[in-house]
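[1] Here is a sequence together with a model predicted from it:
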Amino acid sequence: MNQIYMPHKLERSSAVKYSSGKHSPAEVIEGIRLQPLIDLKTNTQVGSEVLTYFHDNVDVVDFFRSLTPAQYLSLFFWQANVLSHEKIRGLFFINLPVCVLSDKASIERLLDSLFSARVAIEIQDPERLGDMSLAARHRLVAGIMRLQEAGWSIWMDDVTSELVDTVNALNVQFAGVKTDREELLLRHKDPQALTGLINKIRPQGVPVLVEGIENDDDRLHAINSGATLGQGFLWPERIINETCPDDVFLAPVTEDVHPPQGKGRGKKQDWKHALIRHLQLLSETSSGQSWLTTRELAEDLGISIYTMRQRLMILVQEGHAICMKTGKGRNNILHWRAT
């Protein structure tokens with residue numbers, strides 16, 4: 001499900017335009033919504049789609065339109081990190097747009113992370129494929145293939161009868177395909193519309209999930225049309241109230257998270273050793289009780305706040321002995337220390 005779609009139960013009135021200069025993430029994001037993904041044959045949950053839960057009066061379309069690829073990915077990693085401690089069966093399906101998956105730097109960040117065992121990526125905007133140049137499509141396919149080779153599960157989201165040929169033309173073997181919620185409603189005009197769409201997807205030989213199931217009639221129609229999985233308000237979703245830290249969407253700077261590799265092996269990773277040692281020394285001198293903000297650490301080591309945060313998140317994702325917590329108070333800044 002594209003995150004821009006807001007169910008009637010959660011619609012906001014008098015929407016306020018999001019501005020990164022005026023609004024912090026904590027003022028916009030209230031938490032995470034988890035929608036269950038259901039095996040239609042057994043009626044058991046096999047996974048959860050991860051959606052952003054917004055504060056009242058947020059213009060969701062404007063919010064997502066304003067994000068850069070780096071900021072999309074920062075939101076992705078924040079959600080994945082919050083959910084890493086949740087004991088819920090199956091994969092967590094998190095949305096990413098084609099602009100992220102066709103961006104080499106974003107692919108490198110995903111490959112550096114350790115979330116692939118529990119997180120599947122949904123490509124949320126197949127409608128953008130038609131606007132992409134041939135070179136951009138090649139970058140997208142190359143990025144998807146690199147992620148798949150590293151063990152990531154990649155799904156195509158929101159496929160319609162108009163988009164299915166474009167999706168198939170990518171010649172990518174997705175782990176699964178999800179149909180757009182509007183496709184289920186077409187049965188009132190054409191009872192065979194959903195079956196026709198699923199049959200076009202079938203040559204890929206992958207699971208097909210039908211979105212927008214709100215009652216038993218919807219569920220039975222999805223089953224009779226050949227779908228294996230379902231999603232919708234027939235099954236209650238869960239809300240996780242988790243304040244988004246204010247430094248999640250710090251604007252990217254020109255400095256790279258990974259400094260250019262110098263002569264000799266290991267130069268590219270020198271920052272990891274230096275940062276881990278710095279945190280260890282701080283913990284040793286404060287009996288392990290000192291939590292430092294991203295800004296404080298950045299100032300200590302003379303780099304930008306954005307770069308420091310990215311490096312800290314990489315250490316967490318790689319399993320280094322680093323702890324993080326969200327500070328209390330109005331700003332909700334991330335705090336860090338060595339374990």
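    Looks like it arrived, so ask away.
[2] can you pull out the strands in the chain?
    With DSSP state E as the criterion, the chain has strands at 29-39, 44-54, 91-96, 119-123, 153-159, 176-179, 208-211, 229-231, 238-241, 292-293, 322-326, 334-338.
[3] Reformat those strands as a markdown table; add mean pLDDT and mean neighbour count.
    C-beta here means a position set from N, CA and C on the backbone, and glycine is covered the same way. What follows is these, written out as a markdown table (pLDDT from 0 to 100; neighbours: other CB atoms under 10 Å):
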| stretch | mean pLDDT | mean neighbour count |
| --- | --- | --- |
| strand 29-39 | 95 | 21 |
| strand 44-54 | 95 | 20 |
| strand 91-96 | 96 | 23 |
| strand 119-123 | 97 | 24 |
| strand 153-159 | 97 | 24 |
| strand 176-179 | 97 | 26 |
| strand 208-211 | 98 | 26 |
| strand 229-231 | 98 | 23 |
| strand 238-241 | 94 | 12 |
| strand 292-293 | 78 | 18 |
| strand 322-326 | 69 | 16 |
| strand 334-338 | 70 | 20 |
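[4] what about those strands, which gets the closest to residue 249?
    If you check each of the strands of the chain against residue 249 by CB to CB, strand 29-39 wins as the nearest, at 9.6 Å.
[5] quick one: which of the strands of the chain is nearest residue 170?
    strand 153-159 (8.5 Å).
[6] Low-confidence regions, the chain specifically.
    1-23, 204, 250-270, 283-290, 302, 306, 324-335, 337, 339 (pLDDT under 70).
[7] one more time with 80, if that's ok
    Across the chain, residues meeting the criterion (pLDDT under 80) sit at 1-26, 85-89, 202-205, 246-271, 273-274, 277-292, 294-310, 313, 316-339.
[8] between the strands of the chain, which gets nearest to residue 280?
    Per CB to CB, nearest to residue 280 of the strands of the chain: strand 334-338, 4.7 Å.
[9] could the strands of the chain be laid out in CSV, adding distance to residue 70?
    CSV is the format used below for the strands of the chain (distance: least, CB to CB, whole Å):
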stretch, distance to residue 70
strand 29-39, 17
strand 44-54, 17
strand 91-96, 12
strand 119-123, 16
strand 153-159, 20
strand 176-179, 26
strand 208-211, 28
strand 229-231, 29
strand 238-241, 24
strand 292-293, 21
strand 322-326, 19
strand 334-338, 17
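[10] Which of those sits closest to residue 75?
    strand 44-54 (7.2 Å).
[11] quick one: contacts of that closest one?
    With contact meaning CB atoms under 8 Å, 6 or more residues apart in numbering, strand 44-54 is reached by 1, 3, 10, 12, 28-39, 60, 63, 75, 79, 83, 88-95, 120, 122, 229, 231, 235, 238-241.
[12] Could you measure from the residue lying closest to residue 145 once chain neighbours are set aside over to residue 111?
    With sequence-adjacent residues excluded and distances taken as CB to CB, 6 or more residues apart in numbering, residue 145 is closest to residue 172, at 7.5 Å. According to CB to CB, to the nearest Å, residue 172 stands 17 Å off from residue 111.
[13] go on, residue 59?
    33 Å.
[14] got it, and residue 182?
    34 Å.
[15] same thing with residue 94?
    Relative to residue 111, residue 94 is positioned 16 Å away (CB to CB).
[16] just residue 46 next, same as before
    Computed as CB to CB, the residue 46 to residue 111 distance reads 26 Å.
[17] isn't residue 298 right up against residue 307?
    Yes: here residue 298 reaches residue 307: they are 7.4 Å apart, a contact under CB atoms under 8 Å.
[18] hang on, the earlier thing: just so I know, which of the strands of the chain lies nearest residue 131?
    That would be strand 119-123 among the strands of the chain, by CB to CB, at 14.2 Å.
[19] Show me what the closest one packs onto, helices and strands only.
    strand 91-96, helix 98-101, strand 153-159 (3 or more CB pairs under 8 Å, 6 or more residues apart in numbering; DSSP states H and E).
[20] Which strands border that strand, and is each parallel or antiparallel?
    In the sheet, strand 119-123 lines up against strand 91-96 (parallel), strand 153-159 (parallel) (DSSP bridges).
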